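In: For reference, the sequence and a predicted model appear below.
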Amino acid sequence: MARQRQFTADGQALRHADQQSRYRESQNRLRDIGPLPPVEDPARRQQDDDSLRFFLESYFPGTFGLARSPDHLEVIEQTERVIKDGGQMALAMPRGSGKSSISINAAIWVLLTGRRRFVVLVAAAAGLANQLLVSISRELEGNELLRADYPEVCYPLHRLGPDATYQKQAAQLLNGQRTCVQIKADRITLPTVAGSLASGATVKTRGLTGRTRGQVVTTAAGQDHPPGPGACGRPPDPRIGRQPHSGGAAAVMCCRHPVWGQGDLPPTGR
């Protein structure tokens with residue numbers, strides 16, 4: 001009788017373990033978003049990887065669909081030059097002339113093309129900085145053109161949706177591997193995907209008076225990355241391009257090794 005009870009208990013344990021295993025497998029299938037869709041237009045992606053201007057025009061037609069002035073083209077050209085070759089720049093632009101749009105979408109270009117693994121955007125205040133991050137998140141999650149050509153980044157974010165909870169982010173799998181996406185109030189860490197140039201890249205935002213020294217991110221692979229390019233918009237300090245007669249002029253500034261992104265003021269002038 002005792003042996004019969006033992007066999008019954010063992011059988012129940014085995015059935016329970018089997019049920020648990022099948023439940024975990026079903027949950028993993030629900031969590032796993034693989035495989036990734038293919039790149040829709042490799043030729044377009046290659047062209048846009050090489051040129052910031054083409055990238056802006058191709059993937060953000062609602063913002064950059066109209067003809068741009070020579071000043072806009074100069075800002076885009078100088079931004080691309082600093083990102084590719086290094087250096088610093090400070091350009092004054094009137095309010096409403098596209099400073100934030102250029103800065104935000106240039107940051108997306110930098111991340112998607114793998115030119116930097118860690119980008120910092122600085123705004124006049126923390127609230128404005130967080131708005132920049134919301135704009136980046138919306139583009140990466142909802143821009144169909146970006147998702148078509150950069151599925152390794154945008155498809156996992158799209159599957160999480162605009163209101164992704166921490167639990168959903170932590171649970172997401174791609175071909176059995178965690179994507180390690182992080183979407184927080186002050187940062188976005190892109191999906192960790194084998195072969196992706198943007199795997200684990202991070203964008204952070206800070207207010208101009210916030211703490212920016214010592215910024216380092218660690219990827220899922222355990223690699224540390226200091227900040228790459230920084231961009232600053234609408235600085236309130238009169239030493240940073242604002243003049244009484246300018247009607248609220250602001251500046252777009254980018255640099256490869258952002259000394260001002262480490263807590264110092266950028267050089268004034270142009």
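Out: Structure's in. What do you need?
In: ok, now which ones touch V203?
Out: 107, 111, 118-121, 133, 136, 187-188 (C-beta atoms under 8 Å, 6 or more residues apart in numbering). C-beta coordinates here come from the backbone N, C-alpha and C atoms, glycine included.
In: contacting residues for E74?
Out: For E74, counting by C-beta under 8 Å, 6+ apart, the contacting residues are L91.
In: no wait, R159
Out: R159 neighbours (C-beta under 8 Å, 6+ apart): 33, 172.
In: Am I right that it falls within a strand?
Out: No: read with DSSP: H, G, I helix; E, B strand; the rest coil, R159 is helix and lies in no strand.
In: what's the helix or strand for the closest residue in space to F64 that isn't next to it in sequence?
Out: Among residues not flanking F64 along the chain, L56 sits closest, at 4.5 Å (C-beta to C-beta, 6 or more residues apart in numbering). Taking DSSP states H and E as the criterion, L56 maps to helix 52-59.
In: shaky segments in the stretch 1-150 of the chain?
Out: 1-30 (pLDDT under 70).
In: For it, which segments count as helices?
Out: Using DSSP state H, counting those that start in this stretch, the helices of the stretch 1-150 of the chain run over 2-31, 42-50, 52-59, 61-64, 70-85, 99-112, 126-142, 144-149.
In: how about the last one: buried residues?
Out: The one in question is helix 144-149. Within helix 144-149, the residues scored as buried using 16 or more other C-beta atoms under 10 Å are 145-149.
In: one step back: put together JSON lines for the helices of the stretch 1-150 of the chain, with distance to M93 on each row.
Out: Shown next, in JSON lines, are the helices of the stretch 1-150 of the chain (distance: least, C-beta to C-beta, whole Å):
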{"stretch": "helix 2-31", "distance to M93": "45"}
{"stretch": "helix 42-50", "distance to M93": "24"}
{"stretch": "helix 52-59", "distance to M93": "16"}
{"stretch": "helix 61-64", "distance to M93": "15"}
{"stretch": "helix 70-85", "distance to M93": "7"}
{"stretch": "helix 99-112", "distance to M93": "5"}
{"stretch": "helix 126-142", "distance to M93": "16"}
{"stretch": "helix 144-149", "distance to M93": "25"}
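In: out of those helices, deepest packed?
Out: Using mean count of other C-beta atoms under 10 Å, the stretch among those with the largest mean neighbour count is helix 99-112, at a mean of 23.
In: what's that helix packed up against?
Out: Helix 99-112 is packed against helix 52-59, helix 61-64, helix 70-85, strand 118-123, helix 126-142, strand 230-233, strand 250-255, with contacts defined by 3 or more C-beta pairs under 8 Å, 6 or more residues apart in numbering; DSSP states H and E.
In: now that helix against strand 118-123, angle please.
Out: 170 degrees (axes from the mean of the first three to the mean of the last three C-alpha atoms, to 10 degrees).
In: Can I get helix 99-112 in CSV? Just the C-alpha atoms.
Out: Listed next in CSV are the C-alpha coordinates belonging to helix 99-112 (Å, rounded to 0.1, in the frame of the first residue of the first chain):
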residue,chain,number,x,y,z
LYS,A,99,16.0,72.9,-33.9
SER,A,100,14.4,70.1,-32.0
SER,A,101,13.3,68.2,-35.1
ILE,A,102,16.9,68.2,-36.4
SER,A,103,18.4,67.3,-33.1
ILE,A,104,15.9,64.5,-32.3
ASN,A,105,16.1,62.8,-35.7
ALA,A,106,19.8,63.2,-35.9
ALA,A,107,20.1,61.4,-32.6
ILE,A,108,17.9,58.6,-34.1
TRP,A,109,20.3,58.5,-37.2
VAL,A,110,23.3,58.2,-34.9
LEU,A,111,21.8,55.3,-33.0
LEU,A,112,20.4,53.3,-35.9
